[in-house]
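Visitor: turn this into a structure:
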Amino acid sequence: MRGAIVFDLDGTLIDSAPDLHVALNHVLRAEGADPATLAETMRFIGHGIPSLVQQARQARGLPAAREAGMVQAMFHHYLASPAALTRPYPGAVAALEDLAAAGFALGLCTNKALAPTQEILRALDLERYFGVVIGGDSMPEKKPDPAPLLAAFAALGPPVLYVGDSEVDAGTAVRAGVPFALFTEGYRKTPVAELPHRFAFGRFADLPALLAYPGLAMP
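Guide: The predicted structure is shown next:
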């Protein structure tokens, strides 16, 4: 085994925003609030569903007393259909195949709750690639706390790389002391140059080659 590579999920391996958008608008309609746009929903993604709902509630000026019920409703609607519109990014599955064939142990570390994470992995036939899956409620801590990422590597083997798309992922990698690869086509809000990363890429077809490039040699 050549060591371990851990991936974020939303905005990295999969574009989950469309299904989150549908579920969120079910919740907002029930509250008598204006629906969210897809772009707005994407801005709310990164810290898990409770944070997404909190940001949406605040954006619509809804009372804080409604938040717990909205979170419960969001989980209900999202779990009912978490992979109807969600798809892997182009080339992501082939990259997982190539990396596994090259001898890397692969894992997943996401702030998405474990139940929808597992349902999506099953629906998209992705669960077979990962030796460990850590969701946002698998541990007391969430990213950008490094504990979930470090737990994933502890289960897999020596860290080679963490792959993510966002400010949360970059901060997690820094805190964990792990090399970070930034996927540029996800839900990031900050310019690429302002985020710490070993390298950035916009096509998953390039990832296996980037890992082997001498100037970017991994441990």
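Visitor: contact partners for Leu52?
Guide: Listed by CB atoms under 8 Å, 6 or more residues apart in numbering, the contact set of Leu52 reads 20, 24, 41, 44-45, 74. Every residue, glycine included, has its C-beta placed from N, CA and C.
Visitor: just how off-centre is the host helix or strand of His26 within its chain?
Guide: Element membership for His26, per DSSP states H and E: helix 17-30. Its chain's average C-alpha position is 18 Å from that of helix 17-30, according to CA atoms, centre = their mean, to the nearest Å.
Visitor: and that helix, what other elements does it pack with?
Guide: helix 38-44, helix 49-59, helix 67-80 (3 or more CB pairs under 8 Å, 6 or more residues apart in numbering; DSSP states H and E).
Visitor: buried ones in the shortest one?
Guide: The one in question is helix 38-44. Buried residues in helix 38-44, defined by neighbour count with 16 or more other CB atoms under 10 Å: 41-44.
Visitor: and for stretch 10-20?
Guide: 10-17, 19-20.
Visitor: what of stretch 75-88?
Guide: So for stretch 75-88, counting by 16+ other CB under 10 Å, buried means 75, 77-78, 82-83, 86, 88.
Visitor: cool, stretch 140-157 as well?
Guide: Buried residues in stretch 140-157, counted by 16+ other CB under 10 Å: 142-144, 146-153, 156-157.
Visitor: out of the residues you listed, which sit inside helices?
Guide: With DSSP state H as the criterion, helices contain 147-153, 156 from among the buried residues of stretch 140-157.
Visitor: redo the residues you listed as TSV? Include pLDDT.
Guide: TSV is the format used below for those (pLDDT from 0 to 100):
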residue	pLDDT
Ala147	98
Pro148	98
Leu149	98
Leu150	98
Ala151	98
Ala152	98
Phe153	98
Leu156	98
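Visitor: which one of these is nearest to Arg29?
Guide: Pro148 (33.0 Å; CB to CB).
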